[in-house]
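Peer 1: here's a sequence, model it:
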Amino acid sequence: MAQGGASTDGESRVDLHVKVLDEGVVRRAKAVGLDAIVYAPHFTHLSTIRERAARFSDDDLLVVPGREYFTGKWSTRKHVLAVDPDEPVPDFLSFEDTMAEIAGHDAAVLVPHPEFLTLSMTEGDIAGHADDIDAVEVYNPKHWPWDDRRAREIARESGLPTFLSSYAHLTATIGEAWVAFDRPVDTASDLVAALRSGAPRRMYHRDGFVHQLKRRVEFAHLGWENSHDKFKRVVLPGDEPTHPAGDYPDRFADMNAYGSDGGLL
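Peer 2: Numbering: from 1, shown residues only. All right, here's what the predicted structure looks like:
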């Protein structure tokens, strides 16, 4: 894995997983030489993600819509990342139901942060769904060194292509890790095609004291992002945009891992 490289002619530099999007993010992405980012915030309806991605895209930066699905219950949650999915799918379906729902989409399906804390697909999950997965993440700034090593082991065992990302929840982390594909990525469809075909790529992340500091700040941010208090206040009331009882086909309400009433079981 290269560090601190620069793109060459014909390459497209893509940060494959960011959580934030505003004018500051766009400025940062352009300043560090990115050609595209995948915007995949938590608990945000796909229609809103698509609208924001279109609004912040321009000739210098492509913003691709994505969804990082929060599957299952708090105690057994796993994340699945889809790049440019076709149709909205809610959070809080079982892992198996989520994979079944997105398998038919014309999207790229990625494994973010495998076996990281309690947020992630296991090696067994990946093996069981390898035919539907397009790449496994092997580095992001929230990881500790042992997380990176384990992710690389899992990726090797899976035989699947790999990727890395900034997994940025904070603007300053945008572009701290990226993938350089060997072809132009001018549209969301171009990126999906590159990922689904296993297109040749080079992977980069920054290094040094400032990068290590940003890594620790990003990890500390998990204290709020994944606190049970936040989960109880934001998720369980059932009024956030990705709850199965929201703006989705009625069948999803019956697939809610917390039960059709949305209560904590």
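Peer 1: what ranges do the helices span in this structure?
Peer 2: 23-31, 46-56, 95-103, 123-128, 145-158, 188-196, 209-225, 228-230 (DSSP state H).
Peer 1: would you mark the buried spots in the fourth one?
Peer 2: Same thing as helix 123-128. Of the residues in helix 123-128, 123, 125, 126 count as buried by neighbour count, 16 or more other C-beta atoms under 10 Å. Where you see a C-beta, it was placed from the backbone N, CA and C, and this is true even at glycine.
Peer 1: pretty sure the first one sits against residue 129.
Peer 2: No: at 11.5 Å, residue 123 does not count as touching residue 129 under the criterion of C-beta atoms under 8 Å.
Peer 1: got the CA coordinates for the longest strand seen in the chain in PDB?
Peer 2: Ranked by residue count and defined by DSSP state E, the top strand of the chain is strand 62-71. Output of strand 62-71 as PDB, limited to C-alpha atoms (Å, rounded to 0.1, in the frame of the first residue of the first chain):
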ATOM      1  CA  LEU A  62     -18.000  14.100  -8.400                       C
ATOM      2  CA  VAL A  63     -20.100  13.300  -5.300                       C
ATOM      3  CA  VAL A  64     -21.500   9.800  -5.500                       C
ATOM      4  CA  PRO A  65     -24.400   8.800  -3.400                       C
ATOM      5  CA  GLY A  66     -24.000   5.900  -1.000                       C
ATOM      6  CA  ARG A  67     -25.700   4.200   1.900                       C
ATOM      7  CA  GLU A  68     -24.000   2.600   4.900                       C
ATOM      8  CA  TYR A  69     -26.800   0.400   6.200                       C
ATOM      9  CA  PHE A  70     -27.100  -0.200   9.900                       C
ATOM     10  CA  THR A  71     -28.400  -3.800  10.100                       C
END
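Peer 1: flag the shaky bits of this protein, pLDDT-wise.
Peer 2: Applying pLDDT under 70 to the chain flags residues 1-9, 117-118, 211, 215, 219-239, 260-265.
Peer 1: send me stretch 181-196 as CSV with only the CA atoms.
Peer 2: Extracted as CSV, the C-alpha positions of stretch 181-196 are listed here (Å, rounded to 0.1, in the frame of the first residue of the first chain):
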residue,chain,number,x,y,z
PHE,A,181,-8.4,3.7,-10.3
ASP,A,182,-6.7,3.2,-13.6
ARG,A,183,-9.5,4.9,-15.6
PRO,A,184,-11.7,8.1,-15.6
VAL,A,185,-14.5,8.1,-13.1
ASP,A,186,-16.8,10.8,-14.4
THR,A,187,-20.2,9.4,-13.2
ALA,A,188,-21.5,7.3,-10.4
SER,A,189,-22.0,4.5,-12.9
ASP,A,190,-18.3,4.7,-13.8
LEU,A,191,-17.4,4.1,-10.2
VAL,A,192,-19.8,1.3,-9.7
ALA,A,193,-18.5,-0.4,-12.9
ALA,A,194,-14.9,0.0,-11.7
LEU,A,195,-15.7,-1.6,-8.3
ARG,A,196,-17.9,-4.4,-9.6
